[in-house]
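1. From the sequence below, what's the structure:
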Amino acid sequence: MDRAGDSQRVSLKIANGFRFGEWEVLPRENLLRRGNVRRKIEPKVMRLLVLLAGRLDKPWSKDELMDELWPAADAGESSLTRAVSELRRALDDKRSGARYIDTIQNVGYKAIAPLRPLDAATVAGAEGLRRQAPERDGSIEALDMAAYLIARRNGRDCVAALDILRDTIECHPGLAEAHAMIGVAERLVQLYCDRPTAVHANRSRQAADRAVELDPHCALAWSVLASLDRDEWRWGASLERFERAMALDDDNAFILHDYAELLWNLGRIDEAEAAMKRCCEINPVGAGERLIHGWIGLHRDDASAWQQLTMARQLGCDAVFADNLECFLLHRAGWSQAGVERWHELNARRRDDRFWMWPRLLLDTLTGSGDGSRLVQSIERQVVDREIDAGVAVFILDLAGELDRAFDTAGHALEDRSLFIVDLWLDERRPFREDPRFDTLLRNAGLNEETCPRLAAEQTP
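-> As a prediction, the model looks like this:
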């Protein structure tokens with residue numbers, strides 16, 4: 001099968017570069033850097049490196065790599081062997097005792113060095129060199145840089161991306177993609193910076209509407225509008241707009257990420273997993289993508305969830321939901337002494353975060369040393385005082401076995417539109433889902449038979 005187009009798109013999505021072990025990799029320059037060492041490699045060898053680095057969780061078969069790198073050429077396996085040898089030589093790697101590229105007997109090759117994003121200053125320096133070219137206006141590089149910052153999914157970098165995008169709009173007011181990316185960044189700023197939701201949601205929608213006005217085929221703009229609909233629980237409208245965005249561009253990591261989260265909320269786990277897996281293939285250095293992939297992985301395989309969490313941390317993820325996921329995995333493992341010690345470490349830095357899912361009273365209750373009534377009183381007080389997110393509170397009470405209190409608190413989560421902040425569909429939440437009140441709760445959240453498989457199954461004779 002000819003997949004040259006796919007491999008090229010994968011390359012372009014991480015064209016700003018990444019750190020692979022000790023090396024800085026700059027695909028557009030076909031350049032490897034380590035301290036003062038600079039090594040140019042052939043474009044084909046660089047494409048091989050990008051492909052391998054983009055799939056750290058499993059090896060590439062030789063046939064797959066041949067299809068990607070020599071789809072239409074009459075090339076033999078010796079061409080691949082030579083490219084792998086040149087790549088190893090450039091990386092100062094060896095087949096025996098490999099640190100970067102491992103040979104998997106009778107299968108193919110696998111990247112084994114840690115993968116991390118480059119820091120913004122390094123990327124900016126590389127982009128600055130290209131901006132000097134007189135035939136370029138810099139807008140492409142500016143959008144690439146903003147996309148790189150937004151993909152890191154933290155407040156500081158999203159604010160920096162907004163600065164870049166606003167400067168770009170001043171020079172190129174008709175650039176629809178820049179307006180759409182402002183829509184993405186504004187929506188994320190209010191999520192990660194704890195700023196007024198209405199203000200940034202309005203700015204996000206205005207930017208996306210402007211992008212659609214400039215270019216009705218701007219897929220990212222439709223995705224922003226779909227995400228805003230999701231935030232407001234307009235599920236049907238969100239699905240329709242995501243489907244339109246995907247029809248225009250099904251190879252955009254931003255679109256796939258948000259679409260996967262919508263499907264996840266709706267309990268369409270298989271579809272969510274497929275979308276997030278594709279998203280991680282397109283943007284292998286996205287910490288946020290790896291984190292969400294890990295959460296969705298809880299429905300399949302704890303080992304896979306651990307792997308995705310580890311990769312998210314390697315890529316610089318430092319979010320409360322990364323620590324929440326780790327504690328979830330420790331809970332499933334049975335809270336060993338080492339697990340409890342790790343919880344103490346994580347709790348020390350997250351206990352005042354309103355999205356922290358593992359307060360001391362919950363852990364005491366789960367390990368048999370706590371008083372459930374104290375937990376209920378504490379959580380209910382914190383919800384009233386808005387010290388804890390109501391959706392998180394529902395999860396805590398649910399996991400503690402306090403179902404009546406959990407459903408009472410779900411009323412607050414409906415008002416705040418935070419019911420889906422913690423996955424409703426996990427095995428641990430089965431008692432909550434089996435309660436007759438659960439389907440009524442879903443309908444009160446605006447779900448129906450067309451959007452939610454659970455409610456559709458309920459209607460089946």
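2. A142 touches R166, doesn't it?
-> No - counting by Cβ atoms under 8 Å, A142 stays clear of R166, with 10.4 Å between them. Where C-beta positions appear, they are placed from N, C-alpha and C, glycine not excepted.
3. more crowded one of those two?
-> A142 (23 against 13; other Cβ atoms under 10 Å).
4. State the pLDDT value of that one.
-> In this model, A142 is scored at 78, pLDDT.
5. For the helix or strand containing it, output the C-alpha coordinates as CSV.
-> Assigned by DSSP states H and E, A142 belongs to helix 139-151. The C-alpha trace of helix 139-151 is given here as CSV (Å, rounded to 0.1, in the frame of the first residue of the first chain):
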residue,chain,number,x,y,z
SER,A,139,3.5,33.3,8.9
ILE,A,140,4.1,29.5,8.4
GLU,A,141,6.8,29.5,11.0
ALA,A,142,4.7,31.6,13.4
LEU,A,143,1.8,29.1,13.1
ASP,A,144,4.2,26.2,13.6
MET,A,145,5.6,27.8,16.7
ALA,A,146,2.2,28.6,18.1
ALA,A,147,1.0,25.1,17.5
TYR,A,148,4.1,23.7,19.3
LEU,A,149,3.3,25.9,22.3
ILE,A,150,-0.4,25.1,22.4
ALA,A,151,0.3,21.3,22.2
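6. same for the helix or strand just after that helix, what does it pack against?
-> Counting by DSSP H and E, the next helix or strand C-terminal to helix 139-151 is helix 155-171. When contacts are defined as 3 or more Cβ pairs under 8 Å, 6 or more residues apart in numbering; DSSP states H and E, helix 155-171 sits against helix 139-151, helix 176-192.
7. Export these as JSON lines, with columns for distance to A113.
-> Listed next are these as JSON lines, based on distance: least, Cβ to Cβ, whole Å:
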{"stretch": "helix 139-151", "distance to A113": "20"}
{"stretch": "helix 176-192", "distance to A113": "29"}
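8. okay, now A445: neighbour count?
-> Counted with other Cβ under 10 Å, A445 comes out at 18.
9. distance of it from A176?
-> 33 Å (Cβ to Cβ, to the nearest Å).
10. What of R82?
-> 43 Å.
11. buried stuff in the helix holding A142?
-> S139, E141, A142, L143, D144, M145, A146, A147, Y148, L149, I150, A151 (16 or more other Cβ atoms under 10 Å).
12. And the fifth one, how far from E86?
-> Read that as D144. The gap separating D144 from E86 is 27 Å, by Cβ to Cβ.
13. re the thing from before, which stretch in the helices and strands packed on helix 155-171 is the model least sure about?
-> Mean pLDDT across the helices and strands packed on helix 155-171 is lowest at helix 139-151; the value there is a mean of 77.
14. Before we move on, what's the pLDDT of A124?
-> Value for A124, per-residue pLDDT: 45.
15. same check, this time on D2
-> pLDDT at D2 comes out at 37.
16. Show me this structure divided up by domain.
-> The record, using automatic domain parsing to delimit domains, assigns the chain the ranges 4-113, 120-249, 319-459.
17. Just name the most buried of these.
-> Sort these by mean neighbour count, taking mean count of other Cβ atoms under 10 Å, and domain 120-249 sits at the top with a mean of 19.
18. How far off centre is that domain?
-> 16 Å (Cα atoms, centre = their mean, to the nearest Å).
19. shaky segments in this protein?
-> 1-16, 72-74, 119-138, 141, 194-196, 458-461 (pLDDT under 70).
20. Spell out the residue ranges of the strands in the protein.
-> Applying DSSP state E to the chain gives strands spanning 18-20, 23-26, 31-34, 37-40, 60-61, 101-104, 108-111, 115-117.
21. Including distance to L191, could these go into JSON lines?
-> Output for these, formatted as JSON lines (distance: least, Cβ to Cβ, whole Å):
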{"stretch": "strand 18-20", "distance to L191": "25"}
{"stretch": "strand 23-26", "distance to L191": "30"}
{"stretch": "strand 31-34", "distance to L191": "34"}
{"stretch": "strand 37-40", "distance to L191": "39"}
{"stretch": "strand 60-61", "distance to L191": "35"}
{"stretch": "strand 101-104", "distance to L191": "38"}
{"stretch": "strand 108-111", "distance to L191": "32"}
{"stretch": "strand 115-117", "distance to L191": "20"}
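22. measure L325 to W60 for me?
-> The value you get for L325 to W60, if Cβ to Cβ is used, is 27 Å.
23. now swap in L366 and tell me
-> According to Cβ to Cβ, L366 stands 42 Å off from W60.
24. ranges for the helices of the stretch 301-450 of the chain?
-> Using DSSP state H, counting those that start in this stretch, the helices of the stretch 301-450 of the chain run over 302-314, 320-333, 337-350, 360-366, 372-384, 390-399, 403-416, 430-434, 437-444.
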